[in-house]
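Colleague: Structure for the following, please:
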Amino acid sequence: MDIAVVVPVFNESVALPRLLQALKAEPRMLESTCEWLFVDGGSTDNTVTLLQNAGYRVIPSTKGRAWQMNTGAAQSSQSVLLFLHADTLLPADALNLIVKALDEQHCWGRFDVRIAGKPWMLKVVGRMMNWRSRITGIATGDQALFMTRAAFNKTGGFPGQALMEDIEMSKRLLQLSKPACVSVPVITSGRRWETRGVWRTIFLMWSLRLAYWLGQKPEDLAKLYR
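Modeller: Next up, the predicted model:
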């Protein structure tokens, strides 16, 4: 299978060097069957320069992860799409794991996640995210969503909303199949939890998710998230 990795970026000059270094150390991630598409939402730092100097293609887009991910998907003809956050690192065998996970029963999936950072509570947060995802079938962007292009097309792509686009996309994909849950974790940055406080961030995320399920508009929730 040919895989396109779509990475939405916006002012990611702090996180990108870690990702670019990891890719340089893992040649299999740069094989001809794997296409990397970085979609920029109008960065004002040196995000674009970093990527172009490293030899990667940068695609301009309207700001917002949903719009950026859809733009990246539209620029590729690969049969499998992997949507990756700029502060998340894939396991070394990620591409093979995705190929094995996508079968007759699963047209989409996600990885388990481990959150990097000093607070011990981040380990618990990661386990809770994985546990909740296995029970509900709902995945978050931190878990590196992947899917066949056919599944992506059937859902109409990510919904054009300012927040919770990953939740809504999971709901659409669940109508096609259950997710394949890859137990080998991706490693995502704990910067959000460390900067805002672990317990405060947990409370905020659960509050936003509850408000979304109760019908609150994503645009209003995005203001609180910022």
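Colleague: what about Glu35, which helix or strand?
Modeller: Per DSSP states H and E, Glu35 falls inside strand 34-40.
Colleague: partners of that strand, with directions?
Modeller: strand 3-9 (parallel), strand 57-60 (parallel) (DSSP bridges).
Colleague: So in terms of bridging, what pairs with Ser189?
Modeller: Legend: beta-bridge partners of Ser189 under DSSP bridges are Ala116.
Colleague: Look up how far Met121 lies from it.
Modeller: Distance of Ser189 to Met121, given as C-beta to C-beta, to the nearest Å: 15 Å. (Glycine included, C-beta is placed from N, CA and C.)
Colleague: Those two: which is more packed in?
Modeller: A direct count of neighbours by other C-beta atoms under 10 Å for Ser189 and Met121 places Ser189 higher, at 20 against 16.
Colleague: Now do the same contact list for that one.
Modeller: Listed by C-beta atoms under 8 Å, 6 or more residues apart in numbering, the contact set of Ser189 reads 15, 18, 87-88, 115-117.
Colleague: and what of Gly126?
Modeller: 112-115, 185.
Colleague: in what helix or strand does it lie?
Modeller: helix 121-136.
Colleague: How many neighbouring residues does the nearest residue to Lys118 once chain neighbours are set aside have?
Modeller: Once flanking residues are discounted, Lys118 sits nearest to Glu194: 6.9 Å by C-beta to C-beta, 6 or more residues apart in numbering. Neighbourhood size, Glu194 [other C-beta under 10 Å]: 16.
Colleague: Same question for Lys63.
Modeller: For Lys63, the neighbour count with other C-beta under 10 Å is 13.
Colleague: Tell me how far the closest residue to it other than its chain neighbours lies from Leu90.
Modeller: Closest residue to Lys63 apart from its sequence neighbours, by C-beta to C-beta, 6+ apart: Gly41 at 3.5 Å. Distance, Gly41 to Leu90, by C-beta to C-beta: 22 Å.
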